[in-house]
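Q: Provided below for reference: sequence and predicted model.
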Amino acid sequence: MTTPATIALPNPLAPIAGNRVDPTTARFLWRAVPDATGYTFQLATDEAFTQLVLTNETTQVRTTLAGLAGDSVYYWRVRATGTGEDSAFSEAAMFRTRRASTGRKTAVPAPLSPVGGIPADASAIAMHWTSVPTASAYHVQVATTPDFSDLAFDLPMGNTTSLTLLSLLPEDNTVYYWRVRCETDKGWQPWSAPVSFHAVPDAKADAFDASLEATRSEATRLNAQWREAHADTLAEAEAPYLTGQTSFAAIVSFALMMVVSFLFLIWVLRLAV
């Protein structure tokens, strides 16, 4: 009986320890395996890969990611898949991302809504993302898993920054993840970082919107009430620095009020979900 040959490991080539990587466009490269039909790529924030960021399947020996955190340590590894068996995962390669630049323009659109796991009306989910000036087309994916291994929707589309999914997802409170990328004269650009939402019935989505609006109104009312109560202090603080000084107690009070408003908003969002 002939024992099948063990498939070789696709060793990571770049990035490796000591490399500083652009978090907006991180490019990965590994050594090809002659008998491989594909590769499984994994990225994690710990060396044991218990904190996975994503798992991707590809037939290439390279991949590009966008939306990584700046000034952070990541670990990545890869294994080869074949017709008979898969290889073991390679040794983990470590790298650190550079500090994110707030002023740099990228060719990666950013999801605007729905995001943050909020409830969305499954009968008409309105998706919006930022525009990339050099884009000629966009590509949207929706999945039930954050690594997009189980796609529910996959559509390359024209040069538009919105899309409405009409009754394509069940109204069962399932969590979905979505991402978007654009095509420029240099080809398809990296995917945006994934964001999530809950697909819910229309009534639940309306209730969430009403709760959110009520919370915003209450925060606005509390802010106006506080400013009225501290009008004299604020007037002194907003005057030229030679004629007055900001009250430390007023600053602390204002900061506490903002924190309480924010915590109240989070509590309402959790109840709505």
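A: Looks like it came in fine. All figures in this text were calculated on a predicted structure; none of them were measured in a lab.

Q: Give me the secondary structure label for residue 153.
A: At residue 153, secondary structure determined by DSSP: H, G, I helix; E, B strand; the rest coil is strand.

Q: Now for the closest residue in space to it that isn't next to it in sequence: which residues touch it?
A: Excluding the flanking residues, the one nearest residue 153 by Cβ to Cβ, 6 or more residues apart in numbering is residue 142, at 3.9 Å. For every residue, glycine as well, the C-beta is placed using N, CA and C. Residues in contact with residue 142 (Cβ atoms under 8 Å, 6 or more residues apart in numbering) are 151-154, 165, 169, 176-178.

Q: the longest helix in this protein is where?
A: helix 202-229 (DSSP state H).

Q: helices and strands around that helix, which ones?
A: For helix 202-229, the packing partners by 3 or more Cβ pairs under 8 Å, 6 or more residues apart in numbering; DSSP states H and E come out as strand 118-121, helix 248-272.

Q: what about the stretch 151-273 of the chain, any weak spots by pLDDT?
A: By pLDDT under 70, the low-scoring segments of the stretch 151-273 of the chain are 209, 212, 216, 219, 234-273.

Q: Look at stretch 27-43 and report the distance between its end residues.
A: Terminal residues of stretch 27-43 lie 12 Å apart, using Cα to Cα, to the nearest Å.

Q: now do stretch 87-97
A: With Cα to Cα, one end of stretch 87-97 sits 28 Å from the other.

Q: now stretch 111-124
A: 17 Å.

Q: re the thing from before, buried ones among the contacts of residue 142?
A: Using 16 or more other Cβ atoms under 10 Å as the burial test, these include 152-153, 165, 169, 176-178 as buried.

Q: quick one: secondary structure of the residue nearest to residue 153?
A: Classified using three-state DSSP, residue 142 is strand.

Q: The residue at minimal distance from the centre of the chain: what's it in contact with?
A: Nearest to the geometric centre of the chain sits residue 193, at 3.3 Å (Cα atoms, centre = their mean). By Cβ under 8 Å, 6+ apart, the contact list for residue 193 reads 66-68, 179.
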